[in-house]
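>>> What would the 3D arrangement of this be:
(one chain, ligands or ions: 1)
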Amino acid sequence: MTTVMVDRTASGRGERPRQSPATSSSRAHAERRRPVEIALVVDGKPNATIVIAKNPTPSANLAALELQYHIERITGAVLPISTDAEEITGVRILVGESEYTRRLGINGDDFGPQEYLIQFRPDTIILIGRDWRDTEENRNELGYDTYGHSLSSLRHRIDYYRATGREARGSKPITLPGFFDDQGTCYATYHFLERFCGVRWYGPTELNIVFPTQRTLTVRGTEVRRSPDLKHRYATGGYWPIIRVQWNNPNGDELNLYWRRMRVGGEKWACNHTIWSRTMQSVFNDPEYQAKGRGRGRQLCYTNPKLIRKVAQLARDFFDGKGLPEGLKAMGDYFAVVPDDNASWCECERCQEILAISRRDKRGKGFFSNASSSYYVFNFVNQVAREVRKTHPDKFIATLAYASYAYPPKGLKLEPNVCVAPCLHICYGYNKATFENDMALYRLWVADKGRRIYLWNYFHHPMEPAVIGGWNCFPCFMPDVISREVKRYLRDGVRGVFLCGIGQQLDYYLYMQTAFDVETDYRELVDEFFSRYFGVASEPMKRFYYRISDINREEGVLGTTPELSWRRLGTDERMKALERDIEEAVKLASTELERKRVDTWKRGVWEYMKTGYDKFHAGMR
Ligand SMILES: [Zn+2]
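Model (predicted):
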C-alpha cells in the first residue's frame, strides 16, 4: 500500500484563504510559511507526543483519541497523550487550546464559529479551532433540533473502545461534542487525518475505514485555516436496508462516532412542523384559536391575532432563555414556526378569505410542491415574525417552504427576519419534471437577496416507499447530481441543509464531503473510493455503481413503485449485466478485506435488488 504521504495541502487545495477574522494568528498568514516535514512515527516507534490541556474540551479529548487511534492503525505505534501540566520535549502535536498553544499566542476563542487551523512549525503540529466548553451555563442552553432532540441529548456518551471495535481492551466511556457544539479542534484533526495521513471514513465500522499501512509516518505541510462551506450539515440515519449492509451493521456507538468524523452538525438552526398533535394539546390548546370545520384538532386558525401573539411570545421566551416547550423546534438564533403536515385549513370566514387569495396562485399545480397555500401560511408566519422583530430584531423565525406552500407568496412582502427552508427533492435529480418544478421555486427563494436560506433536502426516494411498503426497490445512485446541486447551494448562499433520509454508502459520503469542502471533485472521489476500497476488484464494482446511476438517468424515473423498479428500470437484460459485474468483482477480490467489502455490496445492493426483482416477477409482492 501507499508508503509516501501525498501532500495535497502544499499544492494549494487546503490553503484557500477563507473568511478568517483578523485575529492573533493572522500573523501566521503574514509570514508565508515554508513547508515543514515532521516524522510522527519512525520504523514502528513513536516519535511524537500528543498534547492536550489538563482539562480538555470534549472536542479536544475526542480529537486526541482519534489521532492516537488512527496513527496506531497506520503504523502500529501508539503515540502517548500528555497534558500541558507536563514538560514535553521532542515532536509535539498540540490538540486544542493548551498552555503550549497559548505560549504561541493561539487560543481557541480566536477562531470564528467552526473555523479551524492546522499549522506546521518546526517539531510542532497545531490542530485547533473554537471548541464548546463543558460549563453548567453551556450545558443548560435551550434548544430542540429538527427532530425535536434537545441540545444536551446530542452530546452522546459512547464507549470509545466499542466504537472502534476494541471491546477486548475493556471500556472507555467518553462524551462526544454535541452535533451543534463548536468542535473546531475535531474538524482540524479529521482534516489532518484525511489529507495528511491518508485516512478515509467510508462508513462507521472498522471494515469501512481505509488507511495506508507503513512503519514510518512523515507528514509535510504549511498551514490550513478555514471553516466548512455549508454551515449547517445535519444528515444522520443509516438504518435502511442497503446502507446498513454496506456499513456492516454498525452499533450505536460506531454511528455516533461516525457522525463526528463526517462533521455532522455545525451552525444551530432547526426547522420542522411545530404546530402538531402534541403541541396542539400541550401548548396551543386555547379553544379560541382552534381551526374551524374539518381542520379542528389538526390545524389552528392561522389568522387569529391571539395565536399570533402566543407564538411570538414563545419565540421571545426562547430567545431570552426563559423556556422552550417540548415539541417545538428552535436552536441558536432560530425559532421554527411551521403548521402541521396536512392541508385541513381552518374554515372560519377570515381564513377562507385569505385562502381564496392563496388558491389563485397556480404555480406548481399538479406537483407535490406548489403555491396553493403559500399566501395563507406565509401571511401567518410573517405576522409572527413582525411581532418578534419589534423586540428581537437580530433573531429569526424559521419556516419551511413545503408542499402547498413551497413557492414564495405572491403579493406579500416577507419580513427580513423570516428564514426559509425550501424542501427540495434532490433524490429526483434524474426526474426532469419534478426537478424543474423544484428548481423554479428554489430560484425564486434564493433570488430574494439578503434572506437567510437553508434547505430541507429529500434524499429518501426510492428507498422510503419501499421500506414502508415492504418491498425491495431498484436503487438510485447519482454522484453527478449530488455534486452539482451541493455546489449550486453554496454558490447561491444557502447556509445549510437538513438531509432527509440517507440510503447508500458512497452517495452519503460524497454529499458530506462536498458540503464540508465545496472543491470536492466527485469523479476523483468516486475513483478513489473504488480503487482504495475494493482494490483489484474496483473496476467491475465501479461499473456496477455507474450502471445503476446511468439506468436511472436514461429512464428519467426513480423506482418508487414495484412496477417502476422492476418493469421499467430493472429489466431482465440490465439485471444480467449487473449480475455479471458483481460476479466478476467476487472472482477478482483477492485479500480478505477486499472479499468482505465486495460481499457487503453483493448482499447489500445486488442481492437486495435480486430479491425485489424475483418477488415482483413471482407476483409475490
Ligand atoms: Zn380561521
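>>> per-residue confidence averaged over stretch 274-286?
Taken as a whole, stretch 274-286 has a mean pLDDT of 97.
>>> Equivalent analysis for stretch 176-186, please.
Here stretch 176-186 scores 98 as its mean pLDDT.
>>> Report the distance from it to the chain centre.
Distance of stretch 176-186 from the chain centroid (CA atoms, centre = their mean, to the nearest Å) equals 14 Å.
>>> now stretch 553-565
For stretch 553-565, the distance from its own C-alpha centre to the chain's C-alpha centre is 26 Å (CA atoms, centre = their mean).
>>> end to end, how far does that stretch reach?
Taking CA to CA, to the nearest Å, stretch 553-565 runs 13 Å from one end to the other.
>>> quick one: buried residues of it?
553, 555, 557-562, 564-565 (16 or more other CB atoms under 10 Å). Any C-beta I mention is one placed from the backbone N, CA and C, and that applies to glycine too.
>>> And for stretch 329-346?
Buried positions in stretch 329-346, judged by neighbour count with 16+ other CB under 10 Å: 329-340, 343, 345-346.
>>> start to end distance for it?
The straight-line separation of the ends of stretch 329-346 (CA to CA) is 23 Å.
>>> Tell me the residues of this protein that contact the ion?
Within the chain, the residues that sit near the ion (CB under 5 Å from the ion) are 301, 346, 348, 351.
>>> Filter these down to the buried ones and hand me the PyMOL line.
Only the buried entries of these go into this PyMOL selection, using 16+ other CB under 10 Å:
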select buried, resi 301+346+348+351
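>>> from the residues of the chain next to the ion, which single one is nearest Leu117?
Cys301 (52.5 Å; CB to CB).
>>> out of everything not next to it in sequence, what's closest to the closest one?
Once flanking residues are discounted, Cys301 sits nearest to Cys346: 4.3 Å by CB to CB, 6 or more residues apart in numbering.
>>> mean confidence for the one helix or strand Tyr509 maps to?
For Tyr509, the element it lies in under DSSP states H and E is helix 505-516. For helix 505-516, the mean pLDDT works out to 98.
>>> contacting residues around the next helix or strand after it?
Per DSSP H and E, the first helix or strand lying C-terminal to helix 505-516 is helix 522-534. With contacts defined as CB atoms under 8 Å, 6 or more residues apart in numbering, helix 522-534 is touched by 200, 202, 210, 479-480, 482-483, 506, 509-510, 513-514, 538-539, 541-542, 545, 585, 589, 594, 597-598.
>>> now do 7 Å
For helix 522-534, the external contacting residues (CB atoms under 7 Å, 6 or more residues apart in numbering) are 200, 202, 210, 479-480, 483, 506, 510, 513, 538, 541-542, 585, 594, 597-598.
>>> returning to what we had before: ok, so of the buried residues of stretch 329-346, who is nearest His156?
The closest of the buried residues of stretch 329-346 to His156 turns out to be Met331 (CB to CB; 16.9 Å).
>>> Surely the closest one is in contact with Gly143?
Yes: counting by CB atoms under 7 Å, Met331 touches Gly143, with 4.1 Å between them.
>>> quick one: common contacting residues for the two?
With CB under 7 Å, 6+ apart, Met331 and Gly143 have common neighbours 151, 268.
>>> Quick check, the residue in the stretch 101-250 of the chain closest to the ion?
Gly148 (26.4 Å; CB to the ion).
>>> for the stretch 401-550 of the chain, same thing?
For the stretch 401-550 of the chain and the ion, the shortest gap (CB to the ion) falls at Tyr405, measuring 15.9 Å.
>>> Spatially nearest residue to that residue (excluding sequence neighbours)?
Distance criterion CB to CB, 6+ apart; nearest residue to Tyr405, sequence neighbours excluded, is Val377 at 4.0 Å.
>>> what about Thr101, neighbour count?
By other CB atoms under 10 Å, the residues close to Thr101 number 25.
>>> Which residue, other than its chain neighbours, is closest to it?
Of all residues not flanking Thr101 in the chain, Leu94 sits nearest, at 5.3 Å (CB to CB, 6+ apart).
>>> That neighbour: which element?
Leu94 belongs to strand 91-95 when assigned by DSSP H and E.
>>> In terms of helices and strands, where is Ile308?
Using DSSP H and E, Ile308 falls in helix 305-319.
>>> list the helices and strands that helix packs on?
In terms of contacts (3 or more CB pairs under 7 Å, 6 or more residues apart in numbering; DSSP states H and E), helix 305-319 is packed against strand 334-336, helix 374-391.
>>> Kindly present these as a markdown table, with separate columns for distance to Lys362 and mean pLDDT.
Shown next, in a markdown table, are these (distance: least, CB to CB, whole Å; pLDDT from 0 to 100):
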| stretch | distance to Lys362 | mean pLDDT |
| --- | --- | --- |
| strand 334-336 | 28 | 98 |
| helix 374-391 | 11 | 98 |
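>>> that older thread, just curious, which of the buried residues of stretch 553-565 is nearest to Phe196?
Nearest member of these to Phe196, counting by CB to CB, is Arg553, at 36.1 Å.
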